[in-house]
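Colleague: what's the 3D shape of this:
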Amino acid sequence: MAETAPYWVVPVMRTGYGARGAVYLVVGGLALMAAIVGGEAEGTTGALELLKSQAWGVIALWGIGLGLLCFMVWRVIDAKMDLETYGTGLKGVVARTGQAVTGVIHGALGLWAIAAALGIGTGGGGSKSWTAKLLGMQYGQWIVGLAGAVVVGAGIYYFYKAYSEKYKSHLRRTAVMERLDPVAKAGLVAHGVAVALIGGFLIYAAMTASPEQAGGLGKAFDTIRGMAFGRILLILLTAGLIAFALFCFIEAVYRIVPARAGPDVKTLAKRAERKADPRV
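Modeller: As a prediction, this is how the structure comes out:
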């Protein structure tokens, strides 16, 4: 059973989603410009490195880094206390484990951003590096392949989340939020595409025992651009990631914590139920 959320969880959560949105806005925005005018589309760390070169870049990196650490705290506390009432069944355990894992991943990126702001060396820790270390272990190919399958599954889940509209149960219903809902859905789909591609790279790296086949968003952008009509597809994907950034900002403003919100809070999901059944 979910515990009552402490009062500080909500502002920490909103700060975290805001920082997450800022990351995807920077990555998606720079990649979209590269797709339109030409040039290489940077991945997450590459885009943040470019951000540092701006006059306000160091301040932005500090804000993003601290915000992503807030996101990690929110996700870990959310998973531990079951603040979104997933329960203790198999599905609930899987969902809460996913929350903790994504929190730790974003926290690591937050530490990277702070290190970059401080001018501390940040190289050598990319996906190819840790994939190479895993592949060098006993059963390393199986571990990397399993990790890739999990990541692909996470990407597919974003499609399911958009299709089933489950995200609506955590968003406060307002007139503005109802108008922004199509943006949220498009962002979830685009993020699902990117995540599934990254998982596919890991699976291929495991099959070929080659860490060079692994990669993050930068490799996903390169792969999309190399396809037929790649430039158009890349523009669509990067525009979708900007939509996902806006979805993160939406969550920063309108997301609720079920364990703290109470039963009287109206969500988009309740609105959808009312449309489906006038008696609700």
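Colleague: All the helices of the stretch 151-280 of the chain, in order from the start?
Modeller: 175-208, 217-225, 230-254, 258-261, 268-276 (DSSP state H, counting those that start in this stretch).
Colleague: Worst mean pLDDT among the ones you listed?
Modeller: Among the helices of the stretch 151-280 of the chain, helix 268-276 carries the lowest mean pLDDT, at a mean of 56.
Colleague: Next, format the helices of the stretch 151-280 of the chain as JSON lines and append mean neighbour count.
Modeller: C-beta: built from backbone N, CA, C; applies to glycine. Formatted as JSON lines, the helices of the stretch 151-280 of the chain follow (neighbours: other C-beta atoms under 10 Å):
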{"stretch": "helix 175-208", "mean neighbour count": "19"}
{"stretch": "helix 217-225", "mean neighbour count": "21"}
{"stretch": "helix 230-254", "mean neighbour count": "21"}
{"stretch": "helix 258-261", "mean neighbour count": "18"}
{"stretch": "helix 268-276", "mean neighbour count": "14"}
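Colleague: out of these, nearest to Val58?
Modeller: helix 230-254 (21.0 Å; C-beta to C-beta).
Colleague: helices or strands up against that closest one?
Modeller: helix 9-37, helix 175-208, helix 217-225 (3 or more C-beta pairs under 8 Å, 6 or more residues apart in numbering; DSSP states H and E).
Colleague: Include distance to Val265 when you put the ones you listed into a markdown table, please.
Modeller: Output for the helices and strands packed on helix 230-254, formatted as a markdown table (distance: least, C-beta to C-beta, whole Å):
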| stretch | distance to Val265 |
| --- | --- |
| helix 9-37 | 12 |
| helix 175-208 | 12 |
| helix 217-225 | 35 |
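Colleague: What's the local residue count around Val151?
Modeller: 19 (other C-beta atoms under 10 Å).
Colleague: which non-adjacent residue is nearest it?
Modeller: Nearest residue to Val151 in three dimensions, chain neighbours excluded: Gly199, at 3.1 Å (C-beta to C-beta, 6 or more residues apart in numbering).
Colleague: OK, contacts around that neighbour?
Modeller: Applying C-beta atoms under 8 Å, 6 or more residues apart in numbering to Gly199 gives the contacts Gly148, Ala149, Val150, Val151, Val152, Gly153, Ala154, Gly155.
Colleague: mind listing what the second one touches?
Modeller: By C-beta under 8 Å, 6+ apart, Ala149 lies in contact with Gly199, Ile203.
Colleague: Numbering from 46 from now on, please.
Modeller: Got it, first residue is 46 now, which makes that one Ala194.
Colleague: Let me see the confidence value for the closest residue in space to Ala251 that isn't next to it in sequence.
Modeller: In this structure, Ala251 finds its nearest non-sequential neighbour in Gly190, 3.5 Å apart by C-beta to C-beta, 6+ apart. Residue-level confidence at Gly190 comes out at 90, pLDDT.
Colleague: didn't Val121 look like it was pressed against Gly148?
Modeller: Yes: using C-beta atoms under 8 Å, Val121 is in contact with Gly148, at 5.0 Å.
Colleague: Looking at the two, which one has more neighbours?
Modeller: Taking other C-beta under 10 Å, Val121 and Gly148 do not tie; Gly148 has more neighbours (22 against 17).
Colleague: Surely that one forms part of a strand?
Modeller: No: the assignment for Gly148 (DSSP: H, G, I helix; E, B strand; the rest coil) gives helix, which keeps it out of a strand.
Colleague: which one is it nearest to, not counting chain neighbours?
Modeller: Ranked by C-beta to C-beta, 6+ apart and with sequence neighbours excluded, the top spatial neighbour of Gly148 is Arg120, at 2.7 Å.
Colleague: separation between the one you found and Leu113?
Modeller: Counting by C-beta to C-beta, to the nearest Å, the separation of Arg120 from Leu113 is 10 Å.
Colleague: intersection of neighbour lists for these two?
Modeller: The contact sets of Arg120 and Leu113 overlap at Gly61, His151 (C-beta under 8 Å, 6+ apart).
Colleague: which of these two has more neighbours?
Modeller: Leu113 (27 against 23).
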